[in-house]
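[1] got a sequence here, can you build the structure:
(one chain, ligands or ions: 2)
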Amino acid sequence: MISGTVIIATEICKGCELCIASCPQESLGLSTSINRKGYRYATLLRNNCTGCVNCALVCPDSAITVYREIKSTKRQSQSAQPTVATQTA
Ligand code: SF4
Ligand code: SF4
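    Residues are numbered from 1 along each chain as shown. Ligands and ions are numbered 1, 2, ... in the order given. This next block holds a predicted model:
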C-alpha cells in the first residue's frame, strides 16, 4: 500500500490552482493566508494523498515535492522503505 504527502514551497507558489485541479484525491486547496508576494498559496487539506505526483508535474514553478511511503502489509516485511518522488524540471 502506498501513501503520500506533499511539501509546498509557499513563498514560491503564486496560487494558480493548477495543482488543485490536477489532484484526483481533491487533497489540495488554497490557503486562507497569503504569502509575501500577496498570493493565497496551495496547501494540503486532506490526509488522503496517494503520491501520484500529478500536482508536482503541473506546477509551473516547481513548488511541490511529493513524498511516497510504501507501507508494509502483513505478508511483507515490517520495515517500510520511504521513497522520495520529486518533480523533474
Ligand atoms: S501527489 Fe497526487 S494525490 Fe497527492 S496531492 Fe499531489 S495530485 Fe493529489
Ligand atoms: S501549481 Fe504550483 S504555483 Fe500553482 S497553486 Fe499549485 S503550488 Fe502554487
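
[2] in this protein, which spans are strands?
    2-8, 28-34, 40-44, 64-70, 82-86 (DSSP state E).

[3] ok, which of those strands comes nearest residue 16?
    Smallest distance to residue 16 across these (CB to CB): 8.6 Å, for strand 40-44. In this view, the C-beta of every residue, glycine as well, is placed from N, C-alpha and C.

[4] what does that closest one contact?
    5-6, 8, 10-11, 13, 15, 17, 19-20, 27-35, 55, 63-64 (CB atoms under 8 Å, 6 or more residues apart in numbering).

[5] if we can go back for a sec, ligand 2 is nearest to which of the strands of the chain?
    strand 40-44 (3.9 Å; CB to the nearest ligand atom).

[6] got the angle for that closest one vs strand 64-70?
    0 degrees (axes from the mean of the first three to the mean of the last three CA atoms, to 10 degrees).

[7] strand partners of strand 40-44, parallel vs antiparallel please.
    strand 28-34 (antiparallel) (DSSP bridges).
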